[in-house]
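Trainee: below is the sequence, then the predicted model.
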Amino acid sequence: MRIIALAAAALLSSATLAAAAPASVSVTVGPELQKKAVEKYGVRDVDRLAAELRKDVERELARTGAYDGARIELTLVDAQPNRPTFKQLSDKPGLSYQSFGIGGAKIEGQAIAPGGAVTPLKYSYYETDIRQTRAYSTWSDAEWTMDRFANRLGSGKALASR
């Protein structure tokens, strides 16, 4: 009898999991950041950031099941590197990768539920104190911002700007 009950419970939980489709995530680069990418940062760097944002959000939403069945449409509005990008180093030969500063990112978008309800999403963080910066890599603060956004979104929180 117990085996039948366990089999029925497993069947019900697998049916529930199959019914809940993971959220689809799309990320675009905002026009001002795209312009900065071409002129200042390098398109490759900014495109990699957008891909990382999408991957981070997909990972967290799949892990927690938040926003199942929803469409998450995000725009990477702005990003500021902590260290010079490859393009910046190429454009200014005297610039050193040892240089660092404050960085961060701004993300906007919306979550569209299967029923059509739209929830606006907005999150930004820019370090204000150079002593607290996470300048381990070129985009440390921007990556930290995207990770934090993904984690909070995965918790099911509708985000407002900090």
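Mentor: In hand now; what should we look at? Residues are numbered from 1 along each chain as shown.
Trainee: now the helices: where do they sit in this protein?
Mentor: Remark: helices assigned in the chain by DSSP state H are 2-19, 31-36, 43-64, 86-91, 140-154.
Trainee: so what's residue 96 up against?
Mentor: Under the criterion of C-beta atoms under 8 Å, 6 or more residues apart in numbering, the contact list for residue 96 reads residue 84. In short, each C-beta sits where N, CA and C put it, glycine included.
Trainee: any idea how far the closest residue to residue 149 other than its chain neighbours is from residue 106?
Mentor: Sequence neighbours aside, residue 123 is the residue nearest to residue 149 in space, at 4.6 Å (criterion: C-beta to C-beta, 6 or more residues apart in numbering). Between residue 123 and residue 106 the distance is 8 Å, computed by C-beta to C-beta, to the nearest Å.
Trainee: can you measure across stretch 66-86, start residue to end residue?
Mentor: The first and final residues of stretch 66-86 sit 36 Å from each other (C-alpha to C-alpha, to the nearest Å).
Trainee: now it: buried residues?
Mentor: Judged by neighbour count (16 or more other C-beta atoms under 10 Å), stretch 66-86 contains these buried residues: 66-68, 70-85.
Trainee: what residue is smack in the middle of the protein?
Mentor: Central residue of the chain (C-alpha atoms, centre = their mean): residue 53, 3.0 Å from the mean position.
Trainee: is it true that that residue touches residue 107?
Mentor: Yes. Under the criterion of C-beta atoms under 8 Å, residue 53 makes contact with residue 107 at 6.9 Å.
Trainee: who touches both of those two?
Mentor: Between them, residue 53 and residue 107 share these contacting residues under C-beta under 8 Å, 6+ apart: 74, 76, 146, 149.
Trainee: list the contacts for residue 59?
Mentor: When contacts are counted by C-beta under 8 Å, 6+ apart, residue 59 touches residue 150.
Trainee: can you get me a residue count around residue 31?
Mentor: Residue neighbour count, defined by other C-beta atoms under 10 Å, stands at 10 for residue 31.
Trainee: kindly report the same for the one 5 residues further on.
Mentor: Counted with other C-beta under 10 Å, residues neighbouring residue 36 total 17.
Trainee: where does this protein have low pLDDT?
Mentor: Counting by pLDDT under 70, the low-confidence segments of the chain come to 1-20, 134-135, 158-162.
Trainee: if you set the cut-off to 50 instead, what comes out?
Mentor: Within the chain, the ranges that satisfy pLDDT under 50 run 1, 5-12, 14-19, 160-162.
Trainee: and residue 87, what does it touch?
Mentor: Residue 87 makes contacts with 40-42, 45, as judged by C-beta under 8 Å, 6+ apart.
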